[in-house]
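Engineer: okay, sequence plus prediction incoming.
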Amino acid sequence: MLQCRRRWVSWIWTAGLAVSMSAAAMADDVVVKRFPGGDSATSVGIADASEDVELTGPQALTADAGGQLFMLDQLNQRIVRFDPKLPNDEPTLLQMPEDVKPNDLVVRKDEILVWDGTIRTLKASADAPSTRGVGAATIRLEEVSSRAVDDHFAASAFAQMGSQPPGSATELLDENTRAVTIKQGRKPSRQYVASRGKGSVIADITPEKGDNSAQVEVRTVDDNQLVAQIHLRVRNKLGAVEFLEIDNTDRLYVLAENIPESGTGAASFIARYTPDGALDGIYELPLANTPLTRRFVTVSGDGDVYFLRTERTGVDVVGVGFRPLRNARIIDVRPAQQAAPAAPANKFSAIAAVRPSNRQQVIETAFAFEGVQWLVTPQNYGGDPDTSCSGFSRIRRPWYLQGKIGQQVRGVPYCWGCHGSLANFRFQMERGVKAGNVCTHNSPRSDVAGVDCSAFVSAAWGLGVHYTTAAIPSIAKPVTNPWDLRPGDALNKPGSHVMLFLRFTPDRKAEVMESSTGGCNGRVCRNVYPLASLLARGYQPVRFKALADDAMVVAQSTYEAEKDAPTGKESKKPASHEVRKKARH
């Protein structure tokens, strides 16, 4: 068993005084199980990072009532089940139905709930499991029903990590829906949790004056009895707050974020409370340089906290160390070791040609890329097998298109190195061009259509050329305070990934639109992420200068061809080629 020790000194405020913690503050994070990359019975799918592409691996981790962990191995189209207290035992592989392409996972009683745009319920097939590898069993899953939207507990469990239906473009631009206006109306948000210790409970989370504290009131569903009242206060500004669990000994667990106005030192933690609501201590989540998974942390019935950490060399399931914090009035979290930002690319001579645009048009364009409906023809789909990627044997075709020949699908597919307008994409599909390309270790393909992450943001901003994540700093200025982000801004990690910012949700998460291989199943989609985890991983809040009313050269002639029917040639414009070439070098 691998183990790493973290040593640090923290300050706790008690009775108005700062108290130093030393030996008592030491916490251990223990790797309880490690999976190498691959598709064997004891490995998981990992796709390495490359230019403008994040490292991709398992997308979710959750625990069942018996303490077993379930990990969503998205690239291998399966769920890996194992006992974290028996790390040497072979895992059980649960193979998902062919038409289910999830990116989130919840286990409740004997049901496996997954999210692929809607909630779908899976159970083990009645057929006998087939053995694969020494001691490893593969069990086929089958869908038994689709959860209705009125199942509050299932919907709330997925919503905690952003898996929920998208809002409308009109709603996103309504300032009254954004969390930064919380000062004008501190309405509680309600969460429904099927807990281990108290059964079904409702948690009402009410932000308090000052934006660094909240009250969490937990009541039972059946008889509306008060379980506990929790007062949560952090040093800077409180981000997302999620009531996670009541364990078998009635201790309560709340996930929360501390986010300074500078964005530097943002941290996520789980606070543990005694049955009467007193702070017991915290689990600090190791976010730095770790690709965010949809449901990256889970709490078992015994009160163990596990974190899913994906690296190039493998995937670790980490048992997070506990730090006691008795009688503390303020939770002081050690700042996460944030990823160092890449140096801005300053050597750009190309003109950024833009349509006259405003935030309304940016959001409407983004929703058009996400909501476009189109028919998948055999030519768009391509032939099988389609495994031309180098490295891990990923198929070229995005996962959301698998098995969809002759069907209507939603959203522009992810295509590494591709760019262009929505009109151009439609034209390419009608021509019979292949749709999407998730191979990120090969050169861009000229026979495929779609958009990658930076091409999508470039199109939403109205750019006539494709600016990569490394080039975006040359046309966008930093937003010093992340809470000042506005619809149409972006969260950019140079050389890795970029997301178009839509809004802060009422529970203070960042709602974004992105073109992604993992979180979007290979298309443009809307996602919701905890803000601290994005900042800790090196994402920089930025504002396109044209939206900030800064001076910018606009070349109207760039768009003359788009006023008429698309020609299919816009992706070959010399300016676009030059900008991409400069961005890579």
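Structural biologist: On my side now, so go ahead. Numbers count the residues shown, from 1 in each chain.
Engineer: so where is this protein shaky, pLDDT-wise?
Structural biologist: For the chain, the stretches flagged by pLDDT under 70 are 1-27, 127-136, 146-150, 166-186, 288-289, 291-294, 335-356, 388, 390-394, 548-585.
Engineer: got the buried residues for the longest helix along it?
Structural biologist: Secondary structure of the chain per DSSP state H: the longest helix is helix 359-371. Buried positions in helix 359-371, judged by neighbour count with 16 or more other C-beta atoms under 10 Å: 361, 362, 363, 365, 366, 367, 368, 369, 370. Every residue, glycine included, has its C-beta placed from N, CA and C.
Engineer: let me know the closest of those residues to residue 38.
Structural biologist: residue 370 (32.5 Å; C-beta to C-beta).
Engineer: in contact with the closest one, which residues?
Structural biologist: By C-beta atoms under 8 Å, 6 or more residues apart in numbering, the contact list for residue 370 reads 166, 410, 411, 412, 513, 524, 525, 526.
Engineer: residue 507 touches residue 240, doesn't it?
Structural biologist: Yes: the pair residue 507 and residue 240 qualifies as a contact (C-beta atoms under 8 Å) at a distance of 6.0 Å.
Engineer: which of those two has more residues huddled nearby?
Structural biologist: Counting neighbours by other C-beta atoms under 10 Å for residue 507 and for residue 240 shows that residue 240 has the greater number, 26 against 20.
Engineer: quick one: residue 435 and residue 414 touch, right?
Structural biologist: No: Residue 435 is beyond contact range of residue 414, at 9.8 Å (criterion: C-beta under 8 Å).
Engineer: now do the shared contacts for these two.
Structural biologist: Common neighbours of residue 435 and residue 414 (criterion: C-beta under 8 Å, 6+ apart): 398, 450.
Engineer: on that earlier part again, now the contacts of residue 370: which count as buried?
Structural biologist: So, by 16+ other C-beta under 10 Å, the buried ones in those are 166, 411, 412, 513, 524, 525, 526.
Engineer: re earlier: could I get the contacts of residue 370 in a markdown table, plus columns for secondary structure and distance to residue 202?
Structural biologist: Below are those laid out as a markdown table (DSSP: H, G, I helix; E, B strand; the rest coil; distance: C-beta to C-beta, whole Å):
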| residue | secondary structure | distance to residue 202 |
| --- | --- | --- |
| 166 | coil | 25 |
| 410 | strand | 33 |
| 411 | coil | 34 |
| 412 | coil | 39 |
| 513 | strand | 31 |
| 524 | strand | 35 |
| 525 | strand | 29 |
| 526 | strand | 26 |
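Engineer: can you give me the strands for the stretch 1-150 of the chain?
Structural biologist: 2-6, 10-14, 17-21, 27-35, 60-63, 69-73, 78-82, 92-95, 104-108, 111-115, 119-124, 130-131, 137-146 (DSSP state E, counting those that start in this stretch).
Engineer: right, and the ones you listed - which one's nearest residue 236?
Structural biologist: strand 10-14 (13.2 Å).
Engineer: residue boundaries of the helices in the stretch 301-450 of the chain?
Structural biologist: Under the criterion DSSP state H, counting those that start in this stretch, the stretch 301-450 of the chain contains helices at 359-371, 378-381, 422-431.
Engineer: report the inter-axis angle for the last one versus helix 359-371.
Structural biologist: Right, the one you point to is helix 422-431. Going by axes from the mean of the first three to the mean of the last three C-alpha atoms, to 10 degrees, helix 422-431 is angled at 20 degrees with respect to helix 359-371.
Engineer: for helix 422-431, C-alpha coordinates in CSV please.
Structural biologist: Listed next in CSV are the C-alpha coordinates belonging to helix 422-431 (Å, rounded to 0.1, in the frame of the first residue of the first chain):
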residue,chain,number,x,y,z
LEU,A,422,-22.0,26.0,-37.3
ALA,A,423,-23.1,26.6,-40.9
ASN,A,424,-19.9,25.0,-42.1
PHE,A,425,-20.5,22.0,-39.9
ARG,A,426,-24.0,21.5,-41.2
PHE,A,427,-22.7,21.7,-44.8
GLN,A,428,-19.9,19.2,-44.1
MET,A,429,-22.4,16.7,-42.6
GLU,A,430,-24.7,17.1,-45.7
ARG,A,431,-21.6,16.4,-47.8
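Engineer: show me what counts as buried in that helix.
Structural biologist: Of the residues in helix 422-431, those buried (16+ other C-beta under 10 Å) are 422, 423, 424, 425, 427, 428, 429.
Engineer: how about the strands in the stretch 401-550 of the chain?
Structural biologist: Going by DSSP E, counting those that start in this stretch, the stretch 401-550 of the chain shows strands at 408-410, 434-435, 448-449, 476-478, 490-493, 497-504, 510-516, 523-529, 540-544.
Engineer: kindly report the same for the stretch 151-300 of the chain.
Structural biologist: Under DSSP E, counting those that start in this stretch, the stretch 151-300 of the chain gives strands at 189-194, 200-207, 213-220, 226-233, 237-246, 252-259, 267-273, 279-284, 297-299.
Engineer: what's the local residue count around residue 143?
Structural biologist: Neighbour tally, residue 143, other C-beta under 10 Å: 15.
Engineer: so how far is residue 76 from residue 484?
Structural biologist: Residue 484 sits 41 Å away from residue 76, taking C-beta to C-beta, to the nearest Å as the criterion.
Engineer: so which of the two has more stuff around it?
Structural biologist: residue 76 (19 against 12).
Engineer: OK, contacts around the nearest residue to residue 461 once chain neighbours are set aside?
Structural biologist: Excluding the flanking residues, the one nearest residue 461 by C-beta to C-beta, 6 or more residues apart in numbering is residue 544, at 5.0 Å. By C-beta under 8 Å, 6+ apart, the contact list for residue 544 reads 461, 475, 476, 488, 489, 490.
Engineer: cool, residue 490 as well?
Structural biologist: Listed by C-beta under 8 Å, 6+ apart, the contact set of residue 490 reads 457, 472, 476, 498, 499, 500, 501, 541, 542, 543, 544.
Engineer: who does the closest residue to residue 447 other than its chain neighbours bridge with?
Structural biologist: Counting by C-beta to C-beta, 6+ apart, residue 434 is the residue found nearest to residue 447 once chain neighbours are left out, at 5.9 Å. Beta bridges link residue 434 to residue 448 when assigned by DSSP bridges.
Engineer: do I have it right that residue 434 meets residue 379?
Structural biologist: Yes: the pair residue 434 / residue 379 is scored as a contact, 7.3 Å apart, by C-beta under 8 Å.
Engineer: neighbour count winner among those two?
Structural biologist: Counted by other C-beta under 10 Å, residue 434 and residue 379 do not tie: residue 434 has more neighbours, with 22 against 15.
Engineer: gap between that one and residue 418?
Structural biologist: 10 Å.
Engineer: quick revisit: adding distance to residue 319, write the strands of the stretch 1-150 of the chain out as a markdown table.
Structural biologist: Below are the strands of the stretch 1-150 of the chain laid out as a markdown table (distance: least, C-beta to C-beta, whole Å):
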| stretch | distance to residue 319 |
| --- | --- |
| strand 2-6 | 9 |
| strand 10-14 | 20 |
| strand 17-21 | 21 |
| strand 27-35 | 4 |
| strand 60-63 | 12 |
| strand 69-73 | 11 |
| strand 78-82 | 13 |
| strand 92-95 | 20 |
| strand 104-108 | 19 |
| strand 111-115 | 23 |
| strand 119-124 | 27 |
| strand 130-131 | 29 |
| strand 137-146 | 25 |
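Engineer: out of these, flag the one nearest residue 389.
Structural biologist: strand 69-73 (17.4 Å).
Engineer: partners of the closest one in the sheet?
Structural biologist: Checking strand 69-73 against DSSP bridges gives partners strand 60-63 (antiparallel), strand 78-82 (antiparallel).
Engineer: hmm, back to that, for the buried residues of helix 422-431, give me JSON lines that also has distance to residue 113.
Structural biologist: Compiled in JSON lines, the buried residues of helix 422-431 are given as follows (distance: C-beta to C-beta, whole Å):
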{"residue": "422", "distance to residue 113": "33"}
{"residue": "423", "distance to residue 113": "38"}
{"residue": "424", "distance to residue 113": "38"}
{"residue": "425", "distance to residue 113": "33"}
{"residue": "427", "distance to residue 113": "39"}
{"residue": "428", "distance to residue 113": "36"}
{"residue": "429", "distance to residue 113": "33"}
